[in-house]
Structures are given as C-alpha cells and as structure tokens.
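> this one's structure only:
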C-alpha cells in the first residue's frame, strides 16, 4: 500500500474524528503525535479512528491493534510512524493466504 495514500486518508480521518467530537484540530504533519496533540483523542477514540481508516482504505485493520501507540514502549506514535505501521499491517495481511472454510 502506498504510504502517501495511507497518510492522506489518516489525516482525513483524524480531522473528521476531531470535527465529530467538536474538538479543535491542529495542522497535521508527519511529526504530530495524535495521542498528544489532538484534544480528547483518547483510548476510546483510537479504535474508531483505526476502523474509519480501514474503511477509507478498503483494508482491514485489526481492532485489537493500536496504530497510535507503540505496544512495547507505550510511546505515542507520530503520523509518519502510524502510516508505516499501518502499511506493515496491510502488507502482512495481504501476504498471508486466506483460510477457506470447508464446505
């Protein structure tokens, strides 16, 4: 998946989430960490934003994966880091053969 496309869609989704939450939205650049920089962008909102991004991309992002915080270090990710992470998730999913249920 093209990182530029993922970045554009992620920024669109973050803007929509902030608008729907009646919260302000700063200028979103590669270095912005949504968890830190977006008002009220909490753990309750992250899965919704990830789901919206998956829909916008036409790809599945597992709901148990936090694309905004590093799982090991608990460090908030920048937009650029989230984009790379999402691309890796999509690439891994597309490389894994689908399991077909027996009829």
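Sure thing, it's come through. Because the structure is a prediction, the values reported are computed rather than measured.
> Residue ranges in this structure under the pLDDT threshold?
97-103 (pLDDT under 70).
> OK, contacts around the spatially most central residue of the chain?
Nearest to the mean C-alpha position of the chain, by C-alpha atoms, centre = their mean, lies residue 50 at 4.3 Å. Going by C-beta atoms under 8 Å, 6 or more residues apart in numbering, residue 50 touches 61, 63, 65, 66, 67, 68. Glycine gets a C-beta too; all of them are placed from N, C-alpha and C.
> Please tell me which one of those residues counts the most neighbours.
Using other C-beta atoms under 10 Å as the neighbour test, the contacts of residue 50 are led by residue 68, with 25 neighbours.
> What separation do you get for that residue and residue 94?
Between residue 68 and residue 94 the computed distance is 22 Å (C-beta to C-beta, to the nearest Å).
> Residue 49 now?
From residue 49 to residue 94 the distance is 22 Å (C-beta to C-beta).
> Start from the N-terminal end of this structure and give the strands.
For the chain, strands defined by DSSP state E do not occur.
> where along it do the helices fall?
3-20, 34-37, 46-57, 79-95 (DSSP state H).
> can I get these in JSON lines with distance to residue 28?
Compiled in JSON lines, the helices of the chain are given as follows (distance: least, C-beta to C-beta, whole Å):
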{"stretch": "helix 3-20", "distance to residue 28": "5"}
{"stretch": "helix 34-37", "distance to residue 28": "8"}
{"stretch": "helix 46-57", "distance to residue 28": "12"}
{"stretch": "helix 79-95", "distance to residue 28": "6"}
